[in-house]
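>>> Based on what follows, work out the 3D shape:
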Amino acid sequence: MEFFKNNKKLISLIALILVAGLFISLIPLLVSSLYARPLFDDFGYSASVRQAVQAGSGVKGVLSAVWQEISYRYETWQGTYAAIGLFSIQPAAFSDNLYFLTTVVMLAALIVSTFCFVLTAFGALGYEKKYGVICSCILLVLSIHFVIDKFEAFYWWNGSSYYTLFYAFSLVYFALLLRLYTAKKAAARIVCFVFAVLLAVLIGGGNYSTALVTSVITALAVLAVFKTKKKLTLFYVLVFAVLAAGFVISITAPGNSVRAATVSGLSPVKAIIMSVVDAAVCLAEWTGVTQLAAFFIIAVIALYLTKSTNYSFRYPLVFAALSFLLFASQMTPPLFAMGSIGAGRQVNAYYYSYYLLVSINLFYLCGWLNQKAAHAFKPEKPKKAVVITVSVSVCFLISGCLNHGIRSLTFVDTLLALKHGTPQAYSAEYDAIMAEIENGNTQIRDIQTYPDFFSPLYVNEDTDHWINRQIAQYHNVDQISLQPTE
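Below you'll find the model as predicted:
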């Protein structure tokens with residue numbers, strides 16, 4: 001591991017190249033976002049805000065519309081108050097030209113939160129942050145370009161804000177709890193505490209998977225702080241109380257029983273059991289050659305960094321088991337509510353956390369190995385060993401990408417779609433259909449041309465279908481119907 005000590009400038013250069021490469025890889029995604037348009041629940045949840053904007057009601061009118069939407073949905077459909085508030089302010093509600101911000105916001109949130117959490121954790125452990133930058137880039141490339149459902153991750157406000165955005169909120173929240181623990185100045189602790197409380201309010205009113213796992217981790221943090229820094233316990237107890245209160249307000253909403261009547265889920269015991277089973281299946285399905293190569297690189301970094309830490313990595317198996325149960329707990333709410341682990345947007349959140357939890361476990365395991373068998377990681381020619389490690393990892397990464405399917409990678413998929421003009425054709429068709437509605441023609445056709453990371457309207461012949469009703473509400477017309485096919 002002497003290579004890392006003797007080549008600090010090279011490591012910094014590698015970190016810089018990875019950051020540049022990450023942002024370059026986002027260009028096709030951002031260009032594609034210019035052709036994305038509102039869909040499905042985007043219409044219904046933001047209709048009142050759109051009408052307030054069009055009426056020139058100002059900030060007060062918009063806030064009133066947001067509150068009315070939260071109150072209405074809380075009573076009639078779901079209790080996730082913070083999520084409903086976000087749903088109601090989807091960008092196109094303010095201007096049809098702003099929907100591209102969906103992709104910008106989701107990517108920015110995922111990137112900023114990952115860097116924030118990883119660098120905060122590295123700082124708390126006394127690790128050099130340039131290695132945190134490298135690990136963050138690896139996690140983000142995997143999370144973005146191998147994501148399970150591209151459309152519901154980055155191109156649909158309602159779906160992506162519910163999971164991708166709240167996952168990002170949770171990472172920043174955990175970073176604040178870490179910073180609160182390590183801060184030496186009272187002012188810094190107060191700032192971290194205040195922002196952690198604000199995020200606790202949001203997360204408690206977000207999707208149930210994120211709210212549940214965040215609550216469990218916060219409860220464990222309270223116990224850990226009580227054991228190690230009792231004077232900080234009150235801060236953590238208060239944050240947990242706010243988070244738990246928000247969660248309770250959300251799950252006890254009258255609307256939840258209305259929604260529950262439309263679906264059937266599993267019993268609590270069966271939901272817990274199946275969440276463990278499904279979590280194991282997901283881990284097996286997602287761990288391919290590419291992932292193993294990436295984890296190998298992270299493990300090499302972890303072996304180097306954990307040699308100099310004072311932290312005691314005493315229980316790797318217990319830590320791994322606890323991490324797995326935390327990962328599985330995300331799947332319990334949807335299994336209990338509707339008998340499945342959720343749609344693509346929800347699985348995306350599990351997918352992001354999979355990379356993070358495995359990486360954390362690698363650091364813990366490597367720390368334990370360093371303490372138990374430090375002599376095993378001292379190659380005679382460290383430079384040669386690192387070159388071989390990097391070369392093998394790159395080969396595995398390439399072969400893994402080939403096995404996964406180059407075309408299915410988010411970067412390649414969006415780039416090829418732009419080359420073939422499908423996002424451009426999609427937006428042209430969409431805009432023409434919406435123009436017809438605005439001109440009074442409420443019998444419309446559906447979109448025929450679209451890339452796999454966009455979606456047609458799925459408008460129905462039945463004017464009372466939920467999608468038809470939401471489009472009609474959004475455009476303030478009586479009804480919408482599907483044009484009969486010839």
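>>> For the lengthiest helix in the chain, name the packing helices and strands.
Counting residues, the longest helix found in the chain (DSSP state H) is helix 344-373. Taking 3 or more CB pairs under 8 Å, 6 or more residues apart in numbering; DSSP states H and E as the contact definition, the neighbouring helices and strands of helix 344-373 are helix 101-125, helix 129-145, helix 157-160, helix 166-182, helix 208-228, helix 268-286, helix 289-305, helix 316-329. Just so you know, the C-beta spots here come from the backbone N, C-alpha and C atoms, and that holds for glycine as well.
>>> Report the separation between Val225 and Gly440.
Val225 is 62 Å from Gly440, where distance means CB to CB, to the nearest Å.
>>> neighbour count winner among those two?
Neighbours were tallied for Val225 and for Gly440 using other CB atoms under 10 Å; the higher tally belongs to Val225 (20 against 7).
>>> which residue sits closest to the most centrally placed residue in the chain, ignoring its sequence neighbours?
Central residue of the chain (CA atoms, centre = their mean): Thr164, 2.7 Å from the mean position. Among residues not flanking Thr164 along the chain, Met106 sits closest, at 4.9 Å (CB to CB, 6 or more residues apart in numbering).
>>> And for that neighbour, the neighbour number?
Every residue meeting other CB under 10 Å relative to Met106 is counted, giving 25.
>>> How about the contacts made by it?
Applying CB atoms under 8 Å, 6 or more residues apart in numbering, one finds that Met106 lies in contact with 153-154, 160-161, 164-165.
>>> returning to that earlier point: closest to Ala15 out of the helices and strands packed on helix 344-373?
Distance to Ala15, taken as CB to CB, is lowest for helix 129-145 among these, at 4.3 Å.
>>> Ser46 contacts Ser88, doesn't it?
Yes: under the criterion of CB atoms under 8 Å, Ser46 makes contact with Ser88 at 5.2 Å.
>>> Regarding stretch 468-481, how distant is the last residue from the first?
In terms of CA to CA, to the nearest Å, the two terminal residues of stretch 468-481 are separated by 7 Å.
>>> Mind listing residues that contact that stretch?
Stretch 468-481 is touched from outside by 38, 40-41, 43-44, 46-47, 50-51, 434, 437-438, 440, 442-444, 457, 459-463, 482, with contacts defined as CB under 8 Å, 6+ apart.
>>> Mind checking which of those land in helices?
Secondary-structure check on those using DSSP H: residues within helices are 41, 43-44, 46-47, 50-51, 434, 437-438.
>>> among the helices and strands packed on helix 344-373, which gets the worst mean confidence?
Mean pLDDT values for the helices and strands packed on helix 344-373 show the minimum at helix 289-305, a mean of 89.
>>> Tell me which other helices or strands that one touches.
Helix 289-305 packs on helix 129-145, helix 344-373, helix 382-404, going by 3+ CB pairs under 8 Å, 6+ apart.
>>> Return the member of the ones you listed having the minimum mean pLDDT.
Among these, helix 382-404 scores lowest, at a mean of 60.
>>> For Val118, give me its contacts.
Residues touching Val118, when contacts are defined by CB under 8 Å, 6+ apart, comprise 132, 135-136, 139.
>>> repeat that with 7 Å
Applying CB atoms under 7 Å, 6 or more residues apart in numbering to Val118 gives the contacts 132, 135-136.
>>> Distance of it relative to Ala47?
The value you get for Val118 to Ala47, if CB to CB is used, is 39 Å.
>>> Same question for Arg259.
With the distance defined as CB to CB, Arg259 ends up 19 Å from Ala47.
>>> Next: Ala187.
In this structure, Ala187 and Ala47 are separated by 44 Å, where distance is defined by CB to CB.
>>> Next: Ile134.
According to CB to CB, Ile134 and Ala47 sit 45 Å apart.
>>> And for Leu202?
In this structure, Leu202 lies at 23 Å from Ala47, with CB to CB as the measure.
>>> same thing with Leu16?
Using CB to CB, Leu16 is found at 46 Å from Ala47.
>>> Have a look at the two and say which one is more surrounded.
Set Leu16 next to Ala47 and count neighbours by other CB under 10 Å: Ala47 wins out with 21 against 13.
>>> Model confidence score at the more buried one, please.
What the model reports as pLDDT for Ala47 is 94.
>>> show me what contacts it?
Counting by CB under 7 Å, 6+ apart, Ala47 touches 473-474.
>>> And the one 3 residues further on, by the same measure?
Taking CB under 7 Å, 6+ apart as the definition of contact, the neighbours of Arg50 are 93, 474.
>>> go on, Phe336?
With contact set as CB under 7 Å, 6+ apart, Phe336 has these partners: 265-266, 268, 271.
>>> possible to save those residues as JSON lines with neighbour count and distance to Ile298?
Converted to JSON lines, the contacts of Phe336 look like this (neighbours: other CB atoms under 10 Å; distance: CB to CB, whole Å):
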{"residue": "Gly265", "neighbour count": "16", "distance to Ile298": "36"}
{"residue": "Leu266", "neighbour count": "19", "distance to Ile298": "35"}
{"residue": "Pro268", "neighbour count": "11", "distance to Ile298": "36"}
{"residue": "Ala271", "neighbour count": "18", "distance to Ile298": "32"}
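>>> List just the nearest of these to Phe23.
Once CB to CB is applied, the member of these that ends up nearest Phe23 is Ala271, at 40.3 Å.
>>> Tell me how far that closest one lies from Leu212.
Distance of Ala271 to Leu212, computed by CB to CB: 12 Å.
>>> joint contacts of these two?
Contact with both Ala271 and Leu212 is made by residues Thr332, according to CB under 7 Å, 6+ apart.
>>> count of neighbours near the residue nearest to Pro456 when sequence neighbours are not counted?
In space, and not counting its chain neighbours, Pro456 is closest to Ile447: 4.3 Å by CB to CB, 6+ apart. Ile447 is flanked by 22 other residues according to other CB under 10 Å.
>>> now do Asp464
A count of neighbours around Asp464, defined by other CB under 10 Å, yields 9.
>>> any idea how far it is from Glu438?
According to CB to CB, Asp464 and Glu438 sit 22 Å apart.
>>> hang on, isn't Ile467 packed against Ser455?
No: with contact defined as CB atoms under 7 Å, Ile467 and Ser455 do not form a contacting pair (11.0 Å).
>>> Tabulate the contacts of Phe336 in CSV, adding columns for distance to Leu30.
What follows is these, written out as CSV (distance: CB to CB, whole Å):
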residue, distance to Leu30
Gly265, 38
Leu266, 40
Pro268, 43
Ala271, 39
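>>> farthest pair in those?
Spanning the widest gap among those are Gly265 and Pro268, at 9.4 Å by CB to CB.
>>> For the closest residue to Ser88 other than its chain neighbours, give me its contacts.
Distances taken as CB to CB, 6+ apart place Glu69 nearest to Ser88, at 4.4 Å, with adjacent residues excluded. Contact partners of Glu69, counting by CB under 7 Å, 6+ apart, are 45, 48, 84, 88.
>>> same question, Ala124
178, 182.
>>> And for the one 5 residues further on?
Residues touching Lys129, when contacts are defined by CB under 7 Å, 6+ apart, comprise 119, 122-123.
>>> Out of the residues you listed, which is nearest to Ala428?
Leu119 (42.5 Å).
>>> Leaving out the residues flanking it, which one is nearest to the closest one?
Closest residue in space to Leu119, ignoring its immediate chain neighbours: Gly132 at 4.6 Å, by CB to CB, 6+ apart.
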